[in-house]
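In: okay, here's the prediction I keep looking at, along with the sequence it came from:
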Amino acid sequence: MSNSASQIRLLLVEDVAEVAQYIRGLLNSQAQIRLLDVVADGRRVPELVRDLRPDVMIIDSLLQGKRGLRIAAALRAGGQDVPTLALAAPPWRVLADPALGIDHVLAMPFTGYDLINAVRMLADRAQAANVDHRSSVYAVFSPKGGVGKTTIAFNLAVAIAAQRGLGTLLVDGNLQFGDVRALLRIPADAPSIIDLPAERISDSELSEVVWHDPSGIDVLLAPPRVEMHEMVSAREVEKIVPFLRKIYPVVVIDTPADTGEKTMAFLDASDVILQVVTHDAMAIASTRTMADLFRALGTRPLKVRYLINRADWTGGIAPADLAEALGRQPEFHLPSGGSLVDESNNRGVPFVVANPSAPISVAIRGVAESLVELDAAGVAAGA
């Protein structure tokens, strides 16, 4: 993920109301940097950094009688390694010193151009330094329903969590109908995405909202009622996914079968779009239409990976004809799971756990392994 393509989460530590208001005004004119909070009390900073996980922090070096630099140094010494921009007012001279928690200094007065460039620089530098530890977001998508998308998303998330031993979150992106909630038999009163704060999300708030499934993954559920999907906007989706990246090494999103604003926000925020296709003329036609749309939007060609579900049932469509319709050979094939899939879905358990040796379970683990290899090779991020 590149910070140039997603929001940078910013915490401002400033006890001068006029300076805080000036910075708010500068940030209001752009959308790339999201101001999480403004805090005037330095004693609250460690808790907020831990809870809000900002990408960048701005701290006034003169905070509460020149305590700003001591707070930054204490944070760095304590292992809270958030990139920090110090504000300095003449004649007070401040030097950047990463060992003491100051990564860059911005002298007052400064312009919006100065501020935004400095924040972007720190965010990009931090991302480059941590490229090996970045999270991965996979969207499981199909423009046509009935292709097994939700079942695949659930089992893929469980397989990745088991293979990599990393915290994995499954997002029920079908905000209107809540397919994952229905599949896993989760009670209607379980918290959902609408229980997250619209403007500011913390670790503790997220942990109280996600469903901890017995399969070993966490689930961020869709709203419990159809009409409640309107309570989540595309703009909020754009804010939520970058935060989820900071908490979970792996995020799998089960998207709805449409191209609405919220669906496209989920797809834009993903590293890989795993598009599910079947040997069905309508599914293939919809896939071809989506390929045209992705090209028009400038989507990286290899961001989209094709998975043929029920690949052993061709419906009279030759593999060569399918590849021609897709414009290339599909990357993944899943065999039909038969009664195993039906019985597992009816019980709300993953088939990869119910019968790990079944051909479809072996195949879904192969998809998980391939996605991990793509990340390791940097193909998902750069193709």
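Out: Everything's here; your move. These numbers come from a predicted model, not from an experiment.

In: contacts, neighbours, all on C-alpha from now
Out: Fine.

In: hey, where'd the strands end up in the stretch 201-350 of the chain?
Out: Taking DSSP state E, counting those that start in this stretch, the strands of the stretch 201-350 of the chain run over residues 211-212, 218-220, 250-254, 272-277, 304-308, 332-333.

In: what pLDDT, on average, does stretch 270-286 get?
Out: For stretch 270-286, the mean per-residue pLDDT is 93.

In: okay, the strands of the stretch 201-350 of the chain in TSV with distance to Leu63 and mean neighbour count next?
Out: Shown next, in TSV, are these (distance: least, Cα to Cα, whole Å; neighbours: other Cα atoms under 10 Å):
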stretch	distance to Leu63	mean neighbour count
strand 211-212	40	17
strand 218-220	38	24
strand 250-254	38	26
strand 272-277	43	26
strand 304-308	48	21
strand 332-333	56	20
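
In: quick one, which of those strands is nearest to Met108?
Out: Set against Met108 and scored by Cα to Cα, those come closest in strand 250-254, at 40.3 Å.

In: where does this protein dip in pLDDT?
Out: Applying pLDDT under 70 to the chain picks out residues 1-6, 130-134, 198-200, 375-383.

In: please parse it into its domains.
Out: 3-131, 135-382 (automatic domain parsing).

In: so who does Leu221 touch?
Out: Contact analysis of Leu221 by Cα atoms under 8 Å, 6 or more residues apart in numbering lists 171-173, 178, 180-181, 191-193, 210-211.

In: residue contacts, Asn346?
Out: Going by Cα under 8 Å, 6+ apart, Asn346 touches Leu183.

In: picking that back up, to Gly366, which of the strands of the stretch 201-350 of the chain lies closest?
Out: Of the strands of the stretch 201-350 of the chain, nearest to Gly366 by Cα to Cα is strand 332-333, at 8.7 Å.

In: distance of Ala96 from Pro83?
Out: Distance, Ala96 to Pro83, by Cα to Cα, to the nearest Å: 12 Å.

In: out of those two, which sits in the more crowded spot?
Out: Between Ala96 and Pro83, Pro83 has the larger neighbour count (other Cα atoms under 10 Å), namely 24 against 15.

In: surely the more buried one and Ala126 touch.
Out: Yes. Under the criterion of Cα atoms under 8 Å, Pro83 makes contact with Ala126 at 6.9 Å.

In: circling back: name the residues contacting each of Ala96 and Pro83.
Out: 102-103.

In: check contacts around the closest residue to Ala89 other than its chain neighbours.
Out: If the residues on either side of it in the chain are set aside, Ala89 comes closest to Met108, at 5.2 Å by Cα to Cα, 6 or more residues apart in numbering. Residues counted as contacts of Met108 (Cα under 8 Å, 6+ apart) are 87-90.

In: now Pro224
Out: Pro224 makes contact with 178, 188-189, 192 under the criterion Cα under 8 Å, 6+ apart.

In: pick out the residue closest to the middle of the protein.
Out: Centroid-nearest residue in the chain: Val241, 3.6 Å away (criterion: Cα atoms, centre = their mean).

In: from Gly316, how far off is the closest residue to that residue other than its chain neighbours?
Out: Distance criterion Cα to Cα, 6+ apart; nearest residue to Val241, sequence neighbours excluded, is Ala269 at 6.7 Å. As defined by Cα to Cα, Ala269 lies at a distance of 36 Å from Gly316.

In: and Lys144, its phi and psi?
Out: Phi and psi for Lys144, reported as degrees, to the nearest 10, are phi -120, psi 140.

In: ok, back up a step: among the contacts of Leu221, which are in helices?
Out: Judged by DSSP state H, the subset of the contacts of Leu221 located in helices is 180-181.

In: and of the contacts of Leu221, the nearest to Gly148?
Out: Among the contacts of Leu221, and counting by Cα to Cα, the member closest to Gly148 is Val180, at 11.9 Å.

In: state the distance from Ala188 to Gly178.
Out: Distance, Ala188 to Gly178, using Cα to Cα: 10 Å.

In: for Asn174, give its distance to His229.
Out: Distance, Asn174 to His229, by Cα to Cα: 9 Å.

In: neighbour count: those two, which is higher?
Out: Comparing Asn174 with His229 by other Cα under 10 Å, the one with more neighbours is Asn174, at 23 against 18.

In: how close does Glu331 sit to Thr111?
Out: Distance, Glu331 to Thr111, by Cα to Cα: 49 Å.

In: and what of Gly165?
Out: 46 Å.

In: now Val209
Out: For Val209, the distance to Thr111 - Cα to Cα - is 39 Å.
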